[in-house]
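Peer 1: test case, fold it:
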Amino acid sequence: MSLIAATGISTPSMFAPASTPAFAIRDLSFLVLAVVTLIFIVVAGVTLYAIVRYRRRPGEDGGDPPQVYGSTQIELAWTVVPFLIVIVLFLTTTRYIFALERHAAPPDAVDVTVVGNQWWWEIRYPRLGIVTANELHVPVSDDARPTPTFITLESVDVIHSFWVPQLGGKLDVIPGKTNRTWIEPRTPGTYVGQCAEFCGVQHAGMLLRVTVHPKDEFDAWVAAQQAAAADVPAVRAGRDVFTSVACINCHTVRGTPANGLFGPDLTHLMSRATLGAGVAPNTPDNLRAWVNDPAALKPGALMPAMKLSNDQLDSLVAYLATLR
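Peer 2: Next up is the predicted model:
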């Protein structure tokens, strides 16, 4: 989480919600915490009372006190009270689950598909024709014009888990199964999530950033992402390197022969704040190190080291730096 601190983003916490589902989850959590705290106080209090009240005192012979066998009142208490507590928690939890699961999508809802990979997130906006990676951008929602984001979750390899604590609950991402969730952010900002299901050696390096924009900023972001990659004559040599090596087998850059689907879409690579699903800030130096040897920044990364010469590497990084 050092990258989170370095970028000034607050540490993810379900107790600092910024989205409608997250508020509901926090309220339910407070209820459960209140109930279990009361139980702890009662049990600890009775235990402490018994220790003090029935301790052995000086002059006592140390024999067993008078024994009482059977108490209908006590047996009813320790049976009925826990039963009622479980029923209350069950009904309350069920109410919240149904309210969240059955929330209908309004016409203005944003539709997103998030695909879990080892170890990064592919993010698609089917209605908008946008494909990006590791950074989800959504509009803020307000009471006058609710704009929730409905998310379809898929996996191409192993079980992952989608969790942005300040925006919603945790939901597994399972191969061969489609799960759905939704968020409705109320406050603009950047919120950090995490794959919450162990998925391999780089499970901890599979972060997710969600940027919540005011509506006009979100529209501007959409327009920028829908544009084709810039064709800058000064970096044609780097583009030639990109299209002549294995990069095009895994990555897509719209407007070029690169149409690979195995790795992230790079059409607007430099619009992203991080590299490698959050393992490093997206700076020119880090980008060069990443292209040169991804495993140095993210051990176990499936992207191979390209073994380029220094001149080729400089040209390629200069080209990639224009993909905004």
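
Peer 1: measure the most centrally placed residue in the chain to Ala224 for me?
Peer 2: With distances taken as C-alpha atoms, centre = their mean, Gly193 lies nearest the centre of the chain, 2.8 Å away. According to C-beta to C-beta, to the nearest Å, Gly193 and Ala224 sit 23 Å apart. (Each C-beta comes from the backbone N, C-alpha and C, glycine too.)

Peer 1: returning to what we had before: who's in contact with the residue nearest to the residue nearest to the centre of the chain when sequence neighbours are not counted?
Peer 2: The shortest distance from Gly193 to any non-neighbouring residue, by C-beta to C-beta, 6 or more residues apart in numbering, is to Val164 (3.4 Å). By C-beta atoms under 8 Å, 6 or more residues apart in numbering, Val164 lies in contact with Pro12, Ile183, Tyr191, Val192, Gly193, Leu208, Val210.

Peer 1: mark which of those are buried, thanks.
Peer 2: The neighbour count (16 or more other C-beta atoms under 10 Å) marks Pro12, Ile183, Tyr191, Val192, Gly193, Leu208, Val210 as buried among those.

Peer 1: could I get those residues as JSON lines with secondary structure?
Peer 2: What follows is the buried ones among the contacts of Val164, written out as JSON lines (DSSP: H, G, I helix; E, B strand; the rest coil):
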{"residue": "Pro12", "secondary structure": "coil"}
{"residue": "Ile183", "secondary structure": "strand"}
{"residue": "Tyr191", "secondary structure": "strand"}
{"residue": "Val192", "secondary structure": "strand"}
{"residue": "Gly193", "secondary structure": "strand"}
{"residue": "Leu208", "secondary structure": "strand"}
{"residue": "Val210", "secondary structure": "strand"}
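
Peer 1: turn these into CSV, columns for distance to Met303 and pLDDT.
Peer 2: Listed next are the buried ones among the contacts of Val164 as CSV, based on distance: C-beta to C-beta, whole Å; pLDDT from 0 to 100:
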residue, distance to Met303, pLDDT
Pro12, 26, 82
Ile183, 29, 95
Tyr191, 26, 95
Val192, 22, 94
Gly193, 22, 94
Leu208, 18, 94
Val210, 24, 96
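
Peer 1: what is the neighbour count of His203?
Peer 2: Residues lying near His203 (other C-beta atoms under 10 Å) number 18.

Peer 1: residue ranges of the strands in the protein, please?
Peer 2: Taking DSSP state E, the strands of the chain run over residues 110-117, 120-125, 130-133, 135-139, 149-155, 160-163, 171-173, 179-183, 189-195, 207-213, 274-275, 280-281.

Peer 1: which strands and helices sit next to the first one?
Peer 2: Spelled out, it's strand 110-117. strand 120-125, strand 135-139, strand 149-155, strand 160-163, strand 171-173 (3 or more C-beta pairs under 8 Å, 6 or more residues apart in numbering; DSSP states H and E).

Peer 1: ditto for the last one
Peer 2: Other elements packing on strand 280-281 under the criterion 3+ C-beta pairs under 8 Å, 6+ apart are helix 2-6, strand 274-275, helix 284-292.

Peer 1: which ones are touching Thr243?
Peer 2: If you count contacts by C-beta under 8 Å, 6+ apart, Thr243 has them with Thr256, Pro257, Ala258.

Peer 1: closest one to Asn134 out of those, please.
Peer 2: Nearest to Asn134 among these: Ala258, at 18.6 Å, using C-beta to C-beta.

Peer 1: pretty sure that closest one is touching His251, no?
Peer 2: Yes. Contact criterion C-beta atoms under 8 Å: Ala258 and His251 qualify, at 5.7 Å.

Peer 1: which neighbours do the two share?
Peer 2: Leu266.

Peer 1: re earlier: and the helices and strands packed on strand 280-281, which one averages the lowest pLDDT?
Peer 2: If you rank the helices and strands packed on strand 280-281 by mean pLDDT, helix 2-6 sits at the bottom with a mean of 47.

Peer 1: in the lengthiest helix in the chain, what's buried?
Peer 2: Taking DSSP state H as the criterion, the chain has its longest helix at helix 20-53. Neighbour counts using 16+ other C-beta under 10 Å place Thr20, Pro21, Ala22, Ala24, Ile25, Arg26, Leu28 of helix 20-53 among the buried residues.

Peer 1: quick one: low-confidence parts of the protein?
Peer 2: Where the chain drops to pLDDT under 70, the residues are 1-10, 62.

Peer 1: Lys170: neighbouring residues, count only.
Peer 2: Using other C-beta under 10 Å, Lys170 has 16 neighbouring residues.

Peer 1: quick one: it from Gly255, how far?
Peer 2: Using C-beta to C-beta, Lys170 is found at 38 Å from Gly255.
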